[in-house]
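Sequence and predicted structure below; questions after.
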There are 2 protein chains.
Amino acid sequence: MNQIFQVQGMTCGHCERAVTQAVQSLDPAALVKIDRTAGQVEVESGQPREAIAQAIAEEGYTVAA
Amino acid sequence: MNQIFQVQGMTCGHCERAVTQAVQSLDPAALVKIDRTAGQVEVESGQPREAIAQAIAEEGYTVAA
């Protein structure tokens, strides 16, 4: 199931990796695709949306509702 | 010996860590102080200036002359 998140604060490739790893520490099988310029994070995972958003937020990024 | 470098492309805390680690993999005893907003990297190390600049550049950042 694909879920799209708007995420603020990703400024570089390190940030993309940090967000990817945050999602994958929640769900190691998750596929994560990031468009940094658009601030868009697409996650293919069976995990609940709220849990994914929280994992990204805990990494220090702002997740839009 | 303190050496000051002007470095472009550091956008976040991950970048600061990447630059710090690049310098410290050249000289583990190096002290690295970064002012990201100013694009300034201050390095206390006995290593030659050129070697330090190269280590930072190899991490993907632009070092001014």
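Looks like it came in fine. Numbering: from 1, shown residues only, chains lettered A, B, ... in the order given.

CA only for contacts and neighbour counts going forward, please
Noted.

So in chain A, which strand runs the longest?
Identified as the longest strand of chain A according to DSSP state E is strand A:2-8.

And it, what's buried?
Within strand A:2-8, the residues scored as buried using 16 or more other Cα atoms under 10 Å in any protein chain shown are A:Phe5, A:Gln6, A:Val7, A:Gln8.

would JSON lines of those residues with pLDDT be doable?
JSON lines is the format used below for the buried residues of strand A:2-8 (pLDDT from 0 to 100):
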{"residue": "A:Phe5", "pLDDT": "98"}
{"residue": "A:Gln6", "pLDDT": "98"}
{"residue": "A:Val7", "pLDDT": "98"}
{"residue": "A:Gln8", "pLDDT": "97"}
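
Go back to the residues you listed and keep what's next to chain B.
Subset of those in contact with chain B: empty, counting by Cα under 8 Å from any Cα of the partner chain.

Relative to A:Lys33, which of the residues you listed is nearest.
Nearest to A:Lys33, judged by Cα to Cα, of these is A:Phe5 at 10.5 Å.

Show me where chain A has its strands.
Going by DSSP E, chain A shows strands at A:2-8, A:31-35, A:40-44, A:62-63.

Please spell out which residues along the third one are buried.
Going by neighbour count (16+ other Cα under 10 Å), the buried part of strand A:40-44 is A:Gln40, A:Val41, A:Val43.

So for the top helix by length along chain A, mean pLDDT?
Longest helix of chain A, by residue count under DSSP state H: helix A:13-26. Here helix A:13-26 scores 97 as its mean pLDDT.

Pull out the C-alpha coordinates of that helix and format them as PDB.
What follows is helix A:13-26, C-alpha atoms only, in PDB (Å, rounded to 0.1, in the frame of the first residue of the first chain):
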ATOM      1  CA  GLY A  13      21.100  13.300   0.500                       C
ATOM      2  CA  HIS A  14      22.000  12.600   4.100                       C
ATOM      3  CA  CYS A  15      18.400  13.600   5.000                       C
ATOM      4  CA  GLU A  16      17.000  11.300   2.500                       C
ATOM      5  CA  ARG A  17      18.900   8.400   4.000                       C
ATOM      6  CA  ALA A  18      17.900   9.400   7.500                       C
ATOM      7  CA  VAL A  19      14.200   9.400   6.600                       C
ATOM      8  CA  THR A  20      14.600   6.100   4.700                       C
ATOM      9  CA  GLN A  21      16.300   4.500   7.600                       C
ATOM     10  CA  ALA A  22      13.700   5.800  10.000                       C
ATOM     11  CA  VAL A  23      10.900   4.200   8.000                       C
ATOM     12  CA  GLN A  24      12.800   1.000   7.500                       C
ATOM     13  CA  SER A  25      13.600   0.700  11.200                       C
ATOM     14  CA  LEU A  26       9.900   0.600  11.700                       C
END
